[in-house]
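Colleague: pasting the sequence and the predicted coordinates here, then a few questions.
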Amino acid sequence: LEENQLLVQGMMASKYLDTFEEQVTRWQRELSNVSDVLTMMSEVQRRWAYLETLFIGSDEVKKELPEDADRFVGIDDKFKVCLKGIGEVKNAVVASNRPGLLDDLNDMSDKLELCEKALADFLESKKRIFPRFYFVATAMLLDILSNGNRPNIVAQNINALLQGVKSLELSGDPPSVVESMTSNEGEVVPFAKTGALPLRGKVEVYLNDLIAKVRDELRTQLGLAIKDYRTGGRKRSEWLFDHVAQLVLVTTQIEWSENTETAFDKVEAGDKSAMSTYSKEQIEMLSDLIVLVQGKLESLQRRKIMNMITLETHSRDINSMLVNDKVVAKDNFKWASQLKTKWLAYPDPSAPVDCHIFNCDAHFTYSYEYLGNAGRLVITPLTDRIYTTATQACHLVLGCAPAGPAGTGKTETT
């Protein structure tokens, strides 16, 4: 087309134009119309294909945007008639120069722009209700919304909404009741303590319910894991196999924080060797894990124990530092600056018992975001400093973005 337009343009500059001026002018006009129609047709077709699945295929969109849905139905009928007319004429020039075609395409383009704006406002309202939609690609978000009344289809995109969850196990006919979730590594977490969750109503509402259910289930299971650890009368090497990997790590961190502070209390009460005694106990428990991981284990069990070894090695190093530096008080900065996990009623005894994170004067309630059973990087002194910096930034309602070479643990640390 461009080549033919250049050819006609060259003819217009010819000294022999007078002889063929009528034909050359007609061809220039008709080729210009072909170019304009082709450009507008591509634009209308792109917008129409983008909006069709939502305005035609989604009952929810029709319900939420009835006026725009009716407008799009009119555009859809008109555009299909237009395509059919073009398809019947096997000549591009003749088809593009049909009277009123360009005006029709311009009118459809203007109306599609109104539909797009209404859709953008609609999507923004959904994102405000379920903020995780902000981090989902538009195509995926449209797919989720258009299949909102079919939870089994929505569940196929769950990994984009819950990063640690690969899939959901649904029951019922049609499948719409969540019985359990499976991590990226294959760890299955049944909703055994708080019950199954039916996914009904609007998609953004039941996804919020799903996140609340995941957190509630993990909070309940953490309380049971801690109770089992403290009162079950079993060795830790037996206890750890009966609980979710993430909650095993949280429980061991809670025990480390509370046992270390108990050792500080004993030191203040006069038992000067309390911290070194607990440090030796740590080394013994760590040695038990090392022996355990050398045995025959399933891959998920092995990874769980390896992660415990990684965290407990750091805990051992911290306690050794406290002993070597003769730290004898809980308010010493070397201990206050550590990331401490505690299971207690906070800020007053009447509050419900929950998992809390402390670092210096910063405090956060554990969010119970399911992370699965992924591998953990070694915690270094730099990681500890980033923990302190990041928690203080969040405590002061400021931002924090670690920078550095690839593979050093920036994402995992934050």
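Modeller: Right, received. Where do you want to start?
Colleague: from here on, just use CA atoms for contacts and neighbour counts.
Modeller: OK.
Colleague: quick one: least confident helix or strand in this structure?
Modeller: helix 2-12 (a mean of 66; mean pLDDT, DSSP states H and E).
Colleague: give me every residue that touches the residue most central in space within the chain.
Modeller: By C-alpha atoms, centre = their mean, the chain has its centre lying nearest to residue 161, at 4.0 Å. Residue 161 makes contact with 132-133, 136, according to C-alpha atoms under 8 Å, 6 or more residues apart in numbering.
Colleague: how far away is it from residue 238?
Modeller: 34 Å (C-alpha to C-alpha, to the nearest Å).
Colleague: with residue 88 instead?
Modeller: Between residue 88 and residue 238 the computed distance is 76 Å (C-alpha to C-alpha).
Colleague: over to residue 368?
Modeller: 24 Å.
Colleague: who's more crowded, these two?
Modeller: A count of neighbours by other C-alpha atoms under 10 Å puts residue 368 above the other of residue 368 and residue 238, at 18 against 9.
Colleague: the more buried one: what secondary structure?
Modeller: When classified by DSSP: H, G, I helix; E, B strand; the rest coil, residue 368 comes out as coil.
Colleague: the residue lying closest to it once chain neighbours are set aside: how many residues sit nearby?
Modeller: Of all residues not flanking residue 368 in the chain, residue 215 sits nearest, at 5.1 Å (C-alpha to C-alpha, 6 or more residues apart in numbering). If you count neighbours by other C-alpha under 10 Å, residue 215 ends up with 17.
Colleague: any idea which element residue 215 lies in?
Modeller: Residue 215 is part of helix 203-231 when elements are defined by DSSP states H and E.
Colleague: what do you get for residue 262?
Modeller: Residue 262 belongs to helix 245-268 when assigned by DSSP H and E.
Colleague: buried ones in that helix?
Modeller: 245-258, 260-267 (16 or more other C-alpha atoms under 10 Å).
Colleague: ok, stretch 219-239 next?
Modeller: Quick answer for stretch 219-239 (16+ other C-alpha under 10 Å): 219, 221-223, 225-226, 228-229, 236.
Colleague: do stretch 390-402 as well
Modeller: Across stretch 390-402, burial judged by 16+ other C-alpha under 10 Å covers 390-392.
Colleague: shaky segments in this structure?
Modeller: Residues of the chain that meet the criterion pLDDT under 70 lie in 1-2, 4-22, 24-29, 93.
Colleague: show me where it has strands.
Modeller: For the chain, strands defined by DSSP state E occupy the ranges 165-171, 177-183, 188-190, 197-198, 340-345, 353-359, 362-365.
Colleague: looking at these, which is nearest to residue 141?
Modeller: strand 165-171 (17.4 Å; C-alpha to C-alpha).
Colleague: hmm, who's touching that closest one?
Modeller: Against strand 165-171 from outside (C-alpha under 8 Å, 6+ apart): 152, 155-156, 158-159, 176-184, 370-372.
Colleague: cool, thanks, signing off.
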